[in-house]
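A.B. asks: this one's structure only:
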């Protein structure tokens with residue numbers, strides 16, 4: 001794979017853009033601002049992934065040496081400049097959305113995303129819990145961004161609800177990923193929650209967040225946001241969520257944390273499918 005495609009982790013970037021698609025499906029609308037919002041989220045997520053790899057060079061030499069920058073396929077300087085270009089592309093998309101809708105909240109959200117994503121990669125990632133919450137906040141805000149880009153008051157409230165769901169589950173996954181990466185983080189002098197207080201309490205926190213989010217899932221049906229098909233499909237995701245919680249609370253070794261993180265990611269993808277199909 002081309003290293004400039006690999007470094008943006010297109011799967012993650014597309015997953016971010018899916019939040020806009022889901023909100024548009026719920027509102028049953030398609031427009032130029034919606035397409036621009038998808039592009040903005042894609043570029044911002046790609047920029048965040050790239051600048052994160054730039055600042056995580058030393059950590060990735062241990063944890064993920066095959067990535068484009070630590071493997072030498074992209075230089076540090078080129079990686080940084082590529083991230084700046086992606087940030088610029090996302091910001092331009094945000095400006096165009098606000099110009100076309102005469103609503104400057106989307107542009108403000110993109111500017112905020114530029115700052116938060118950069119600060120996360122530069123400093124917040126190694127700050128206990130704050131870094132995890134920053135990533136979760138940005139993931140959840142993708143839905144909110146979609147709501148404001150469509151600029152429909154009713155869909156804005158729904159997007160906030162979906163954003164909260166994504167925020168909680170992403171926070172849990174980010175904490176588990178810190179458990180998975182503890183050795184590399186230690187070597188780089190990072191101060192993540194598992195390094196400071198051990199792995200047991202972070203595993204408990206992640207488990208509580210997973211259980212809370214799983215319990216909230218049926219509310220989207222009972223609040224008449226989604227139909228019965230949502231309830232059927234989301235049940236599969238909830239099983240994966242709870243299984244992830246079970247294995248991480250039982251054991252916090254690197255391999256188990258990796259499995260729990262993977263199952264949470266698959267569960268979130270299934271949840272997105274439930275959101276899409278449940279809107280019909």
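C.D. replies: Thanks, I have the structure now. The model shown is predicted, which means the values in this text are computed figures rather than measured ones. Numbering: from 1, shown residues only.
A.B. asks: tell me the helices and strands packed up against the helix or strand containing residue 206.
C.D. replies: In this structure, residue 206 sits in helix 200-216 according to DSSP states H and E. The contact analysis (3 or more C-beta pairs under 8 Å, 6 or more residues apart in numbering; DSSP states H and E) places helix 200-216 against helix 153-180, helix 193-197, helix 228-250. Heads up, the C-betas are built off the backbone N, CA and C, glycines and all.
A.B. asks: buried stuff in stretch 77-92?
C.D. replies: For stretch 77-92, the buried set under the neighbour-count rule, 16 or more other C-beta atoms under 10 Å, comprises 78, 79, 80, 82, 83, 86, 87, 89, 90, 91, 92.
A.B. asks: distance from it to the middle of the chain?
C.D. replies: Shown here is stretch 77-92, whose average C-alpha point lies 19 Å from the average C-alpha point of the whole chain (C-alpha atoms, centre = their mean, to the nearest Å).
A.B. asks: average pLDDT across it?
C.D. replies: Along stretch 77-92, the predicted local confidence has a mean pLDDT of 95.
A.B. asks: any idea which element residue 191 lies in?
C.D. replies: With secondary structure defined by DSSP H and E, residue 191 is part of neither a helix nor a strand.
A.B. asks: give me the neighbour count for it.
C.D. replies: Neighbours of residue 191 under the rule other C-beta atoms under 10 Å: 12.
A.B. asks: give me the pLDDT for it.
C.D. replies: Residue 191 is assigned a pLDDT of 79 by the prediction.
A.B. asks: check contacts around the nearest residue in space to residue 139 that is not next to it in sequence.
C.D. replies: Across the structure, with C-beta to C-beta, 6 or more residues apart in numbering as the measure, the residue nearest residue 139 apart from its sequence neighbours is residue 170 (4.2 Å). Residues touching residue 170, when contacts are defined by C-beta atoms under 8 Å, 6 or more residues apart in numbering, comprise 135, 136, 139, 140, 268.
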